[in-house]
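Trainee: okay, predicted coordinates and the sequence, questions at the end:
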Amino acid sequence: MSAATELIALEGAFLVERALRAGVELVQVACVGARESWVRGLLGDCGGMPPEIKVLPERELAAIAGYPFHRGVLALARRPAETTLAALAERFQPEAVNGLAGETPARATLLAVPELRDPENLGSVFRSAAALGCDALLLGPGGPDPLSRRVLRVGMGASLAFPWARLGRPSELEIFGRLGFTSAACVLDPEALDLRRYSRPPRLILAMGDEASGLSAGWMNACEDRLTLPMRGGTDSLNVAVAAALFAFSLNC
């Protein structure tokens, strides 16, 4: 069960189910004996070419996974095509949302993490963005693969279904600016506006850096607004995934 570059790995029954719901094509499934009937029942209704099923002892699954593995199911799936930035932006054309060109843009929130480097943080950001009312995630030109094993595992498979695309450079935020979005840099700056006093625009991009270096000047300067989250107890920063969840909840819920 060796993965090629066009394949992604799914660890556990939940990720396999979520991949199927997202329309991802499974290529091969390995499971322990106790999970065989569940796997066959699940795949019996998926249509198309059925994936190969292997029933293995748990120790062999652990050897394949590379660590003590107790989730009972592993799978390989074909990597879904990556959405382009233009295709993602098309979803937010006012007429596509409202049916009438020129109408006031519908409310929408995008979360941009163009310089995030840690895969576990990215998985958590995906999970929070999906759960807390964001509409899409904007990534940078580098950073972790959103469909890597660790991102999928930590994010509970959110990146399989939640919309995302890559920004190449800060100026590309203007693509969304032309669609009525205001960009707000989330920063550690006493002169930035307190999140609690921010009157959010209908269409908003929240841009965040990482906890090591924050948001670089190029991305910060591409944003119209600057927001900060006041903190106490001598704490000078939060994990970026925690901060993303707080900003998303405060402005969406």
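Mentor: All right, it came through fine. Residues are numbered from 1 along each chain as shown.

Trainee: where in the chain is pLDDT low?
Mentor: 1-5, 45-49, 95-105, 233-236, 253 (pLDDT under 70).

Trainee: can I see the domain layout of it?
Mentor: 7-78, 85-252 (automatic domain parsing).

Trainee: could you dump those to CSV with mean neighbour count?
Mentor: For the C-beta atoms, the positions are set from N, CA and C on the backbone; glycine is no exception. As requested, those are arranged in CSV below (neighbours: other C-beta atoms under 10 Å):
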stretch, mean neighbour count
domain 7-78, 16
domain 85-252, 18
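
Trainee: where exactly do the helices run in the stretch 51-200 of the chain?
Mentor: 58-65, 85-90, 94-98, 119-131, 149-154, 158-161, 173-177 (DSSP state H, counting those that start in this stretch).

Trainee: ranges for the strands of the stretch 151-253 of the chain?
Mentor: Under the criterion DSSP state E, counting those that start in this stretch, strands of the stretch 151-253 of the chain are mapped to 164-166, 182-186, 193-194, 203-207, 225-228.

Trainee: can you say which of those strands is nearest to Gly33?
Mentor: Closest to Gly33 of the strands of the stretch 151-253 of the chain, according to C-beta to C-beta: strand 164-166, at 36.7 Å.

Trainee: ok, the residue lying closest to Leu132 once chain neighbours are set aside - contacts?
Mentor: Of all residues beyond its chain neighbours, the one nearest Leu132 is Ala248 (4.0 Å), with distances taken as C-beta to C-beta, 6 or more residues apart in numbering. By C-beta atoms under 8 Å, 6 or more residues apart in numbering, the contact list for Ala248 reads 109, 111, 128-129, 132-134, 206.

Trainee: circling back: can I get the strands of the stretch 151-253 of the chain in a markdown table including distance to Glu25?
Mentor: Shown next, in a markdown table, are those (distance: least, C-beta to C-beta, whole Å):
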| stretch | distance to Glu25 |
| --- | --- |
| strand 164-166 | 19 |
| strand 182-186 | 36 |
| strand 193-194 | 46 |
| strand 203-207 | 32 |
| strand 225-228 | 41 |
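
Trainee: identify whichever of these lies nearest to Gly214.
Mentor: strand 182-186 (9.1 Å).

Trainee: show me what that closest one is packed against.
Mentor: When contacts are defined as 3 or more C-beta pairs under 8 Å, 6 or more residues apart in numbering; DSSP states H and E, strand 182-186 sits against helix 173-177, strand 203-207, strand 225-228.
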